[in-house]
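[1] need a 3D model of the sequence below.
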Amino acid sequence: MLLHIIARGKIGRSPEAELVARYEKRIAWPFKHSELPETGGKSPDPLTPTRTVLLDERGKHLTSDDFAAILGRWRDEGVREARFVLGAADGHSHQERQRADLLLAFGAMTWPHLLARAMLAEQLYRATTILAGHPYHRSGDTR
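    Numbering: from 1, shown residues only. Next up is the predicted model:
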């Protein structure tokens, strides 16, 4: 299943871009990162079937294990592409939120878009390692 981050704005040459690139190299699944202008622009045509996840402050607060389980279920159901969409500064429209398969939040705080993009790339890497049984993610109490 293709993991596809679609984000408004250019990440450019920044520390956040370096983080996204670092996790992109580590992710064993097919991965794509597309950038759109702040307004307008058209997302690349999706592979079908597809699932769309919007990063949104109204979204669900998931654990990394729960996020991995969702991706694993979609993969096992034959979904060809999971799109992770980061909106512009004003977020997503009501219609976009209604059409999404999942609204996802990184907690109750507001995060800068570039940092959220890097955090998403890390969580995608973490999810794929959880599904592969890799020791990168250690869940549970470690006391």
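[2] next secondary structure element downstream of the biggest strand by length in the chain?
    Ranked by residue count and defined by DSSP state E, the top strand of the chain is strand 50-60. Under the assignment DSSP states H and E, the closest C-terminal helix or strand after strand 50-60 is helix 64-76.
[3] angle of that next one against strand 50-60?
    Here the directions of helix 64-76 and strand 50-60 differ by 160 degrees (axes from the mean of the first three to the mean of the last three C-alpha atoms, to 10 degrees).
[4] could you pull out the buried residues of helix 64-76?
    By neighbour count, with 16 or more other C-beta atoms under 10 Å as the criterion, the buried positions of helix 64-76 are 67-68, 70-71, 74-75. The C-beta positions use only the backbone N, C-alpha and C, and glycine is treated the same way.
[5] gap between residue 73 and residue 67?
    11 Å (C-beta to C-beta, to the nearest Å).
[6] which of the buried residues of helix 64-76 sit farthest apart?
    67 and 75 (12.8 Å; C-beta to C-beta).
[7] could you list the low-pLDDT ranges of the protein?
    138-143 (pLDDT under 70).
[8] so which residues of it form helices?
    Assignment of helices within the chain using DSSP state H yields the ranges 15-26, 64-76, 94-99, 113-132.
[9] ranking those helices by burial, who's on top?
    Greatest average neighbour count among these goes to helix 113-132 (a mean of 20), per mean count of other C-beta atoms under 10 Å.
[10] quick check, nearest of the buried residues of helix 64-76 to residue 90?
    For these, the nearest to residue 90 is residue 67 (25.2 Å; C-beta to C-beta).
[11] which non-adjacent residue is nearest the closest one?
    In space, and not counting its chain neighbours, residue 67 is closest to residue 127: 5.3 Å by C-beta to C-beta, 6 or more residues apart in numbering.
[12] picking that back up, any chance of the helices of the chain in CSV, with distance to residue 2 too?
    Rendered in CSV, the data for those read as follows (distance: least, C-beta to C-beta, whole Å):
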stretch, distance to residue 2
helix 15-26, 13
helix 64-76, 10
helix 94-99, 19
helix 113-132, 11
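[13] so residue 125 touches residue 23, yeah?
    Yes. Using C-beta atoms under 8 Å, residue 125 is in contact with residue 23, at 4.4 Å.
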